[in-house]
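>>> return atomic coordinates for the entry below.
(chains A, B and C)
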Amino acid sequence: MTPIAGGVALSLAFGFGLLAVLTLLFYNKYQDQRLFLVGQRLALGVSFFIFLATFILSYQLIISNFDVDYVARYTSIETPTIYKISALWAGQSGSLLFWLFILSIFSTITILQNQHKHHELMPWVIISLTVTQIFFLILTNYVTNPFQPTEADFIVANGNGLNPLLQNITMAIHPPTLYLGYVGFSVPFAFAFSALVNRDTSPLWIQSIRRWTLVAWLFLSMGIILGGWWAYQELGWGGYWAWDPVENASFMPWLTATAFIHSIIIQEKKDMLRLWNMALIILTFTLCIFGTFLTRSGVMSSVHSFTESSLGPIFLFFVFFIMIVSFGIMYTRLDVLKSPRKIESFTSRESGFLFNNMVFVVLCFAVFWGTLFPVISEAVRGTKITVGAPFFNQINTPIGLILLALTGIGPLLAWRRTGSKSLIRNFTFPLVMCVIAVILFFLVGFKGYVVVSFSLCVFVTSAIMTEFYKGIRARKNKFNESLHLALMKIVSKNRSRYGGYIVHLGIVLMFIGFTGHAFDREKEFSLQVGQVDHVAGYEFELLKLTESERPNHYAWISELKVTDHQGTFITNLYPEKRVYFHRNPDINRRQPHSELDIYSTLNKDIYSIFSSIDNDNKTAFLKIMVNPLVRWVWVGGYILVFGTLIALWPRKEK
Amino acid sequence: MKNNKFTLLILGVVAVTGFWISWVSLNPSDEKAMATFVSVNELINNKINKRIKLGGLVKDGSIVISETNQLECNFVLKEGSSELYVKYGRTRPDLFKDGAEVIVAGQYNNGIFYADELQTKCASRYEGDLRNESSYNLTEVLQ
Amino acid sequence: MEILRDYGLIFISFVLSMIYAIEPLFMSKLVDINKRDDHNSLKRKKVMIYRQIKELEMEHDIGNINDKDFAKMRDELKKEVSELISQIKSK
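Sure thing, here's the model as predicted:
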């Protein structure tokens, strides 16, 4: 297929989208069932043409048709096939089409899944999803079209190629994972919006979207963690989170989404917090679009984008459009959103959940404040003041620790009211463990936030263990099962709850990793072969310095012997300094790259960077970082995913 | 729980939050927490003393790496027609070269900008990514 | 030549999609989806409440709820379910 077909497919998708929305609006007025079916099918048609356009662009990328501007910019003949495919989301217009692609998949699934359900809600669900598609179709048709032909009056024989910094698996999967999260929230939002318009107060639609919400949340979480992992492995500054505006853009919807996941549990069980939940999902969806906008528009000066474009205003318009329409309709339906039941006691699980929700929102606001600080300060004072990681860390650490504490407290409370007997029974073990921990950590020499953080980790872990213990014991008493069987059964019969506890455990492990950051050490120095230097009690000796010419780059390889302060051999590290496009006569086209080597244990990471080489004197300039406990962040991430999968595991319907 | 207690709780949380955020904003504990982002022109004209963040391009041919210590480097930061002499003494990012888009943070003193932070644009291509480069590898490509 | 083929294929896709989309307009019988949908949603509500009862029993077994509260809440839920069941039966 030629690229022209792709452009036409996008235009057709746009046209079908407008028709679908119009038809469904007519259905709302005239209630003719046939109009609904037509509108539904037109909406499926939108997705069909988007699928077509995506396949066409992918095909152009794979066959390396450099007549398409996008293909020429992001691939070359030498680019490995897998990165030709991942180039689909590497550039701006392609990534917007990819967003549309995922949205179309979700829209199609939603429509097909609900052909016999939610008949009253579906029209507005489809309208909502289609309007979102239309927005992105406006962008890909008129602002940045992925099928734009190459502007050249000669035949382009080879393209730009993908930057070697991006040619690794993590960078290939990080954007799609994040998008699956961002886009995933359009479905819960569509249902919530529809329920709002229809004044539907039953918890049935909440039950339907619970899965979607959890899946979207899972992908968002994985996308964020992958981004951190990539930054740590590839970018070479030794950290995984810099509170960069684009990082924050993905973190904010994660915070409101996590709050939402917790509070819909309450709405589903107790029909409370209707208003709050509605506001949360609107906010989450808006933040997802806003997050996509921040990455693209260059409003903030961040490592991801320095310049401005016409994309920004359109995104901003859509963000305001969503908020004004949603909150506007919410205002007119306030009577319906008043929950019939009230929270009865402070020591109830409901109030614990509500409090945790508020803290999530506070944290989100704090991140928002810091991210938009330059814009706010410029508007208020005329000078643009930027804030860096220390600012965010200072504001967010106490809030994060309060959240950690709540993670332990919440599950120990009962619904409606926790009697004092239960309170004592549930809290004794975790509190005792926590106090012991505090004393121990002080004795070891830790101070301040480190003690608080580690002690809370002990507290939460003890609380989670208490819950597992209670569940297992109950089954043993009732059914006389073995420990192993009781554990399997209790988890399998309460997948959301125990899956959730496992997720919390993952978060605890991640906090352990975060706390290790307080003990990071680094040093920059130079070595010639045979020389040694020391960092944080470790000795580094440069054993060898070799050079190698490889297929697409030139490399200087250093061999570092690492021994500890007692002389025990720890490991060898081989950080490299590479130059890609090294044969290019234009020096400025050559791309240097430091390929790190990391020695990672649960205890600490030894992180080595080959910064530069003095070839004349055969001197290697190195940067060594010793980062304790980083591995716990990744382990915690795996546990988080595992717990979510358990919560998602489908039940057999009786 | 009565409505009053509820509302009181929310107001309490809002008040504490507002106070905490304002307090940190006005009293950041780390000197590197905040930096004023100005243009090179403004900096030179007003000789601003606070912690400053600047953006611009590396002037072609201006990168000078010290013979004795490869970590130390000087270069000229160009923004529009204004130029500024910058000193930076830490590991340079891989993408740092002639014409690169950079952001530096540090202090301005006697005509020299002492930077302790240097960032180059992320290789991920989203906005204006090929603004300064000619479009294709024509030297390798023309047949 | 290739372009003509592509335009042709796209045109055919367009026509087929439009036919698929418009087809319901020619249906003479108005399908009564609403009734079946209501019946389904009642059934789903019933399942939801059964699940809530089970979870209540589990919480009681674990020891989070005392006997008095448990009995009260379970009776409330059982009343809800029996109302639903009679509603379902009447349809």
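>>> from now on I want contacts and neighbour counts done on CA atoms only, so please keep to that.
Noted.
>>> please enumerate the strands of chain A.
Secondary structure of chain A (DSSP state E): strands at A:384-387, A:521-528, A:532-535, A:538-550, A:553-563, A:569-573, A:576-580, A:591-595, A:597-600, A:604-614, A:619-628.
>>> and chain B, which of those strands is closest to it?
strand A:384-387 (4.1 Å; Cα to the nearest Cα).
>>> B:Ile112: which of the strands of chain A is closest?
When those are compared by Cα to Cα, strand A:384-387 sits nearest B:Ile112, at 21.1 Å.
>>> packing partners of the closest one?
helix A:349-381, strand B:34-37 (3 or more Cα pairs under 8 Å, 6 or more residues apart in numbering or on different chains; DSSP states H and E).
>>> could you list the paired strands of it along with their orientation?
Next to strand A:384-387 in the sheet, as set by DSSP bridges, lie strand B:34-37 (antiparallel).
>>> before we move on, back to that, in TSV: the strands of chain A, plus mean neighbour count and mean pLDDT.
What follows is those, written out as TSV (neighbours: other Cα atoms under 10 Å in any protein chain shown; pLDDT from 0 to 100):
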stretch	mean neighbour count	mean pLDDT
strand A:384-387	22	87
strand A:521-528	17	92
strand A:532-535	16	93
strand A:538-550	16	93
strand A:553-563	20	93
strand A:569-573	16	94
strand A:576-580	23	89
strand A:591-595	23	85
strand A:597-600	18	94
strand A:604-614	22	91
strand A:619-628	22	93
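>>> can you tell me the centre-most residue of chain C?
Among the residues of chain C, the one closest to the centroid is C:Ser41, at 5.2 Å (Cα atoms, centre = their mean).
>>> how about low-confidence regions in chain C?
Residues of chain C meeting the criterion pLDDT under 70: C:28-37, C:91.
>>> give me that answer again for 90
Scanning chain C for pLDDT under 90 picks out C:1-9, C:23-74, C:76-78, C:80-91.
>>> so what's A:Gln167 up against?
A:Gln167 makes contact with A:Tyr83 under the criterion Cα atoms under 8 Å, 6 or more residues apart in numbering or on different chains.
>>> with A:Leu88 instead?
A:Leu57, A:Ser58, A:Leu61, A:Gly94, A:Ser95, A:Phe98.
>>> most neighbours among those residues, which one?
A:Leu57 (27 neighbours; other Cα atoms under 10 Å in any protein chain shown).
>>> domain-wise, how is chain B divided?
Domain segmentation of chain B under automatic domain parsing yields B:1-30, B:36-123.
>>> can I get those domains in a markdown table including distance to A:Tyr449 and mean neighbour count?
Output for the domains of chain B, formatted as a markdown table (distance: least, Cα to Cα, whole Å; neighbours: other Cα atoms under 10 Å in any protein chain shown):
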| stretch | distance to A:Tyr449 | mean neighbour count |
| --- | --- | --- |
| domain B:1-30 | 15 | 13 |
| domain B:36-123 | 26 | 18 |
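>>> same question for stretch A:646-654, mean pLDDT?
The average pLDDT for stretch A:646-654 rounds to 79.
>>> same thing with stretch B:12-31?
So the average pLDDT for stretch B:12-31 ends up being 90.
>>> and for stretch A:44-59?
96.
>>> check which helix or strand covers B:Phe113.
For B:Phe113, the host element (DSSP states H and E) is strand B:112-120.
>>> quick one: C:Phe14 from B:Val102, how far?
48 Å (Cα to Cα, to the nearest Å).
>>> what packs against the longest helix along chain B?
Determined from DSSP state H, the single longest helix within chain B is helix B:3-26. Helices and strands touching helix B:3-26, by 3+ Cα pairs under 8 Å, 6+ apart, are helix A:349-381, helix A:389-412.
>>> the last one packs against which elements?
Translated: helix A:389-412. Looks like helix A:389-412 contacts helix A:349-381, helix A:420-444, helix A:448-479, helix B:3-26 (3+ Cα pairs under 8 Å, 6+ apart).
>>> quick one: is the third one near chain C?
By that I understand helix A:448-479. Yes: under the criterion of Cα under 8 Å from any Cα of the partner chain, chain C is reached by helix A:448-479 at A:Lys470, A:Gly471, A:Arg473, A:Ala474.
>>> and for A:Ile63, the neighbour number?
12.
>>> apologies, that question was intended for C:Leu56.
20.
>>> was I right to think it contacts C:Asp69?
No: C:Leu56 lies out of contact with C:Asp69 (Cα atoms under 8 Å); the separation is 10.3 Å.
>>> so who does A:Glu120 touch?
A:Asn198.
>>> returning to that earlier point: show me how far the longest helix of chain B is from its chain's centre.
The gap between where helix B:3-26 is centred and where its chain is centred comes out at 33 Å by Cα atoms, centre = their mean, to the nearest Å.
>>> what does stretch A:143-157 give?
For stretch A:143-157, the distance to the chain centre is 33 Å (Cα atoms, centre = their mean).
>>> for the residue in chain C positioned nearest to chain B, helix, strand, or coil?
Residue of chain C nearest chain B, by Cα to the nearest Cα: C:Asp69 (17.7 Å). Following DSSP: H, G, I helix; E, B strand; the rest coil, we place C:Asp69 in the helix state.
>>> with the one 5 residues further on instead?
C:Arg74 carries the three-state label helix when classified by three-state DSSP.
>>> next, count neighbours for the nearest residue to it once chain neighbours are set aside.
Closest residue to C:Arg74 apart from its sequence neighbours, by Cα to Cα, 6 or more residues apart in numbering or on different chains: C:Ile53 at 6.5 Å. C:Ile53 has 19 neighbouring residues, counting by other Cα under 10 Å.
>>> packing partners for whatever helix or strand C:Ile53 lives in?
In this structure, C:Ile53 sits in helix C:33-62 according to DSSP H and E. The contact analysis (3+ Cα pairs under 8 Å, 6+ apart) places helix C:33-62 against helix A:204-230, helix A:448-479, helix C:67-90.
>>> quick one on the thing from earlier: residues in contact with the residue nearest to the centre of chain C?
A:Lys117, A:His118, A:Leu204.
>>> can you put the helices and strands packed on helix C:33-62 in CSV and add mean neighbour count?
Output for those, formatted as CSV (neighbours: other Cα atoms under 10 Å in any protein chain shown):
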stretch, mean neighbour count
helix A:204-230, 21
helix A:448-479, 20
helix C:67-90, 13
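>>> who touches A:Phe36 in this structure?
A:Thr23, A:Leu24, A:Tyr27, A:Pro123.
>>> can you do 7 Å?
Going by Cα atoms under 7 Å, 6 or more residues apart in numbering or on different chains, A:Phe36 touches A:Leu24, A:Tyr27.
>>> which parts of the stretch 501-650 of chain A sit against chain B?
Contacts of the stretch 501-650 of chain A with chain B, taken as Cα under 7 Å from any Cα of the partner chain, map to A:Asn588, A:Gln591, A:Pro592, A:His593, A:Ser594, A:Ser611.
>>> swap the cut-off to 10 Å and go again
A:524-526, A:577-579, A:584-594, A:609-614, A:619-623 (Cα under 10 Å from any Cα of the partner chain).
>>> returning to that earlier point: so which of the helices and strands packed on helix A:389-412 is nearest A:Gly161?
Taking Cα to Cα, helix A:349-381 is the member of those nearest to A:Gly161, at 32.8 Å.
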